[in-house]
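Asks: Here's a sequence, model it:
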Amino acid sequence: MKLYNVSTSNFAAKSRIAIYDKGLPIDIVPIPGNDLKSPEYLKINFLGKTPTLDADGLMIPESETINEYLEDKFPAPPLLPKSPEGRARVRIFTRFHDLYLTSTQEALASQLNPQNRNQKLLNEKLAEQNLRLDQLDAMLAASGFAAGNDFTLADCALAPTIFFAVTMLPILGAGSPLEGRPNLASWWTHVQSRPSVERALGEIREGLAAMQRGH
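Replies: Residues are numbered from 1 along each chain as shown. Coordinates of the predicted model:
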């Protein structure tokens with residue numbers, strides 16, 4: 001198996017964390033031609049998005065579908081609770097993450113350069129991002145991982161996206177997303193101690209540094 005991956009993508013990092021946490025022998029490979037829209041990659045993933053898992057010939061797009069497949073295929077160590085209720089709690093987080101929390105981040109990233117900044121758009125997207133962060137803070141427990149005491153697919157999803165929020169929002173003049181959100185701040189400190197998260201976030205930092213160097 002291999003994962004077609006862009007190191008700086010929060011969605012690709014989400015699947016890398018699951019792979020690392022389970023200790024799976026899956027090759028992490030770059031996008032053919034380093035271009036999501038290259039003809040070679042569009043044959044692998046017609047959506048032109050990252051990541052894609054090549055599961056011995058079955059091409060699986062979308063990070064959450066990939067992570068659920070990995071959980072079904074390799075149930076130990078588990079990243080989903082056993083009970084239907086516990087699984088539902090995790091999926092509440094992953095659904096919230098994919099549909100709502102991440103929806104503004106691409107627009108915010110487009111505003112990082114002050115010379116190309118649309119202040120009206122920036123204000124709208126910051127307000128939406130802050131609303132979602134407030135909602136996430138209310139969803140999280142005061143301590144532990146996202147959905148309880150155990151590390152789950154919820155944490156795999158949230159960690160890279162919160163990394164980008166922590167990195168981007170101060171640059172955009174919005175202050176730290178952790179300020180005034182004690183549950184989020186506590187979770188963020190806790191989740192970074194997980195070796196799989198630490199590894200994936202380190203890869204994001206390396207990828208961003210390479211981009212800044214023009215490589």
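Asks: For the rest of this, base every contact and every neighbour count on C-alpha atoms.
Replies: Fine.
Asks: Which helix or strand lies directly C-terminal to the helix ranked longest in the chain?
Replies: With secondary structure taken from DSSP state H, the chain has its longest helix at helix 119-139. As assigned by DSSP states H and E, the chain's next helix or strand after helix 119-139 is helix 153-171.
Asks: tilt between that next one and helix 119-139?
Replies: Relative orientation of helix 153-171 and helix 119-139, computed by axes from the mean of the first three to the mean of the last three Cα atoms, to 10 degrees: 140 degrees.
Asks: State the mean pLDDT of the next helix or strand after helix 153-171.
Replies: Using DSSP H and E, the helix or strand that follows helix 153-171 in sequence is helix 182-191. Helix 182-191 shows a mean pLDDT of 97 in the predicted model.
Asks: what comes into contact with helix 182-191?
Replies: 136-138, 140-146, 155, 159, 162, 178-179, 197 (Cα atoms under 8 Å, 6 or more residues apart in numbering).
Asks: give me that answer again for 6 Å
Replies: 137, 140, 142, 178 (Cα atoms under 6 Å, 6 or more residues apart in numbering).
Asks: Repeat that for stretch 4-11.
Replies: Here stretch 4-11 has contacts from 12, 29-31, 50-52, 63, 160-161, 204, 207, using Cα under 6 Å, 6+ apart.
Asks: starting at the chain centroid, how far to that stretch?
Replies: Centroid separation between stretch 4-11 and its chain, computed with Cα atoms, centre = their mean, to the nearest Å, is 9 Å.
Asks: Tell me where the model's unsure across this structure.
Replies: For the chain, applying pLDDT under 70 flags the ranges 215.
Asks: can you count the residues close to the nearest residue to P195 once chain neighbours are set aside?
Replies: Leaving aside its chain neighbours, P195 sits nearest to D21 (7.7 Å; criterion: Cα to Cα, 6 or more residues apart in numbering). Neighbour count of D21, defined by other Cα atoms under 10 Å: 20.
Asks: And P25, by the same measure?
Replies: 10.
Asks: Locate the residue of this protein with the greatest distance from its centre.
Replies: Most distant residue from the mean C-alpha position of the chain: Q115, 27.9 Å away (Cα atoms, centre = their mean).
Asks: part of a helix, is it?
Replies: Yes: counting by DSSP: H, G, I helix; E, B strand; the rest coil, Q115 is found in a helix.
Asks: quick one, domains of this protein?
Replies: For the chain, the structural domains run 2-73, 84-213, going by automatic domain parsing.
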